[in-house]
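*Asks:* how does the following fold in three dimensions:
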Amino acid sequence: MDSLYTDAEELLYDFIFHEIAEEQDYKTIKEQVMELDCYDEIHSIADSLTPIYHGELLELACDNNELAITEPELGPAFGGEPTPINIIAANVYEFICNYMYKNEESIKKQVLKEYHQQMKGEK
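*Replies:* Here you go, the predicted model:
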C-alpha cells in the first residue's frame, strides 16, 4: 500500500500545483490552495490506483490483512458481489481515500512551500 499512497500523494500534488500554475500573487495562491476542494480528485485518484488484477489485490491483502477482513463502507467493488477480491478492491479504494483525506492539508502545505521557493528563485 505504501507505493499506492506515494503515487496518490504525487497525483494530488500535481493536481493542486496545476490549479495554481498561472497565479503570481502568493497570498492569492495560499488562499486558493487551502480552500481548494479535492474531494472529487481524491476519489478519482483512488479509483485510478486501485488494482483490478486479482494477483495484485491478493498481494496487497497478504501484506495488509486489514484489506481482507475489514467490511468496506461502500460495499464490495466491481459487480457488488461480496467476493474476497471485490472486498479487497473496495478496501484498497477506501484506504487510499482515507489516507488522502488525512494528508490533504500537508500536501497542500508542501505545494505552497515549493511554489514559494520557486517564486523566490525567480526573483
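*Asks:* can we go C-alpha only for contacts and neighbour counts from here?
*Replies:* OK.
*Asks:* low-confidence ranges, the protein, go.
*Replies:* By pLDDT under 70, the low-scoring segments of the chain are 22-24, 121-123.
*Asks:* find the residue at the geometric middle of it.
*Replies:* Compute the mean C-alpha point of the chain, and by CA atoms, centre = their mean the closest residue is A8, 3.8 Å away.
*Asks:* so who does that residue touch?
*Replies:* Shown in contact with A8 (CA atoms under 8 Å, 6 or more residues apart in numbering): I45, A46, L49, I96, M100.
*Asks:* what helix or strand is the first one on?
*Replies:* Looking back up the chat, that one is I45. helix 39-49 (DSSP states H and E).
*Asks:* from the contacts of A8, pick the one nearest L58.
*Replies:* Within those, the smallest distance to L58 is 15.0 Å, found for L49 (CA to CA).
*Asks:* run the chain-centre distance for the longest helix along the chain.
*Replies:* Criterion DSSP state H: the longest helix present in the chain is helix 84-122. Chain-centre distance of helix 84-122: 5 Å, with CA atoms, centre = their mean, to the nearest Å.
*Asks:* that helix packs against which elements?
*Replies:* Helices and strands touching helix 84-122, by 3 or more CA pairs under 8 Å, 6 or more residues apart in numbering; DSSP states H and E, are helix 2-20, helix 26-35, helix 39-49, helix 54-63, helix 66-69.
*Asks:* which of the residues in the third one are buried?
*Replies:* When neighbours are counted by 16 or more other CA atoms under 10 Å, the buried residues of helix 39-49 are found to be I42, H43, I45, A46, D47, L49.
*Asks:* hmm, the last one is touching L4, no?
*Replies:* Yes: applying CA atoms under 8 Å as the test, L49 and L4 come out as touching, 6.6 Å apart.
*Asks:* before we move on, back to that, which strands and helices lie in contact with the helix holding I45?
*Replies:* helix 2-20, helix 84-122.
*Asks:* so E56 versus Q118, what's the distance?
*Replies:* Distance, E56 to Q118, by CA to CA, to the nearest Å: 38 Å.
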